[in-house]
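**Q** I would like the atomic coordinates for the input below:
(one chain, ligands or ions: 2)
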Amino acid sequence: MALDIWNRLTVSTLPAGSTPTVQVNGEGEGELAGDTDNLTYRAMAFLYDEADTPIPPLELVCQNGIPLSRGMGSSAAAIAGGLVAANALLDEPFSANDLLEMAATIEGHPDNVAAAVHGGLRLVVMEDNQIYTAPIRIPAELQAVLFIPENRIATVDARRVLPAEISVADAVYNMSRAALLVAAMEGNRPEYLKIATQDRLHQPYRETIFPPMKVIFAAARDAGALGVFLSGSGSAIMALTQERAMTVAYEMFDAARLCGVEGRVEVTTPTELGAHVVSVSSND
Ligand SMILES: Nc1ncnc2c1ncn2[C@@H]1O[C@H](COP(=O)(O)OP(=O)(O)OP(=O)(O)O)[C@@H](O)[C@H]1O
Ligand SMILES: N[C@@H](CCO)C(=O)O
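**A** Numbers count the residues shown, from 1 in each chain. Ligands and ions are numbered 1, 2, ... in the order given. Prediction:
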């Protein structure tokens with residue numbers, strides 16, 4: 001699900017023969033690659049390659065609002081932004097679905113890139129390198145309350161704690177709830193979210209590397225959240241609400257503080273917008 005939290009990318013073409021430059025401000029500043037190894041630049045280069053066109057010397061300025069390694073899809077946003085910018089510079093030879101395929105190839109899976117490219121809440125399934133994706137409606141007035149811990153959890157570490165095998169009972173538990181989640185959203189039945197966001201396949205295992213998460217979940221529910229869960233593979237926790245968002249945010253923050261977990265809260269909304277061009281200017 002795309003949220004109204006953004007990375008802003010400004011791309012300028014440099015005179016022929018110049019060295020490309022990448023500047024990172026905000027999230028990942030002083031940490032992310034400041035050269036052509038930067039994932040956003042690499043996504044742009046990937047698209048130029050697909051278009052059989054040499055990439056011109058570029059200056060990238062990345063103003064990042066999406067925190068890294070919190071399960072908030074920072075790398076997916078970086079890739080989607082780079083692809084959309086490169087496509088715009090080439091006068092849009094590729095469709096949004098083409099961009100999604102490229103993004104999934106670069107990211108290695110389509111999960112986060114589908115929402116980053118298309119916006120909204122997306123179903124996405126990849127089979128034999130083909131992507132099947134569909135938009136799901138979101139109930140009106142739905143808000144997302146995030147508790148974003150200071151501490152990061154790398155996706156590889158969060159995957160290492162998952163079991164290699166699961167019981168049929170747990171598979172049925174999650175499959176039925178995944179289906180109910182679609183009905184809750186598409187069918188505008190937010191009261192289903194409480195049950196639909198329950199899980200037995202990853203959160204109980206991931207709790208071993210982030211024990212306070214259960215307490216923060218309980219605080220969100222007690223404050224009136226419709227549902228609460230780990231965002232991606234964590235460490236961010238996301239609660240869905242239609243009212244009392246500020247109370248839910250306060251209670252999540254307070255529960256985390258009492259457990260000694262530093263972090264911040266953000267109240268935001270889903271957005272139907274994916275990565276998009278904000279403005280284009282030319283010196284010609
Ligand atoms: N905004 C960004 N700009 C450039 N590179 C990025 C950006 N965000 C992430 N990356 C690159 O992608 C790598 C993997 O991202 P990472 O798993 O840390 O974050 P994430 O995408 O937020 O995680 P998740 O997929 O769980 O939401 C980072 O080590 C970094 O190299
Ligand atoms: N949804 C994935 C993380 C995707 O970034 C997971 O739970 O491992």
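**Q** distance check, Pro204 against ligand 2.
**A** Using CB to the nearest ligand atom, to the nearest Å, Pro204 is found at 13 Å from ligand 2. Backbone N, C-alpha and C define where each C-beta goes, glycine included.
**Q** what is the helix or strand that that residue is a member of packed up against?
**A** Assigned by DSSP states H and E, Pro204 falls within helix 203-206. Applying 3 or more CB pairs under 8 Å, 6 or more residues apart in numbering; DSSP states H and E, one finds that helix 203-206 makes contact with strand 227-230.
**Q** near ligand 2, anything from the strand it packs on?
**A** No. Strand 227-230 does not reach ligand 2 (CB under 6 Å from any ligand atom); its nearest approach is 7.6 Å.
**Q** which residues touch the helix or strand following that strand?
**A** Counting by DSSP H and E, the next helix or strand C-terminal to strand 227-230 is strand 237-241. Residues outside strand 237-241 that contact it (CB atoms under 8 Å, 6 or more residues apart in numbering): 142-147, 190, 193, 197, 213, 216-217, 220, 224-231, 248, 252.
**Q** let's see that with 7 Å instead.
**A** By CB atoms under 7 Å, 6 or more residues apart in numbering, the list of residues contacting strand 237-241 from outside reads 142-147, 193, 213, 216-217, 220, 224-231, 248, 252.
**Q** just the buried subset of the residues you listed, written out for ChimeraX, thanks.
**A** Burial among the contacts of strand 237-241 is assessed by 16 or more other CB atoms under 10 Å; the matching ChimeraX selection reads:
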select :142,143,144,145,146,147,193,213,216,217,220,225,226,227,228,229,230,231,248,252
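**Q** narrow the contacts of strand 237-241 to those in helices?
**A** If you go by DSSP state H, the contacts of strand 237-241 have 193, 213, 216-217, 220, 248, 252 in helices.
**Q** and the residues you listed, which two are the farthest apart?
**A** Farthest pair in the ones in helices among the contacts of strand 237-241 (CB to CB) is Leu193 and Met213. Separation: 17.9 Å.
**Q** I am finished for the moment; much appreciated.
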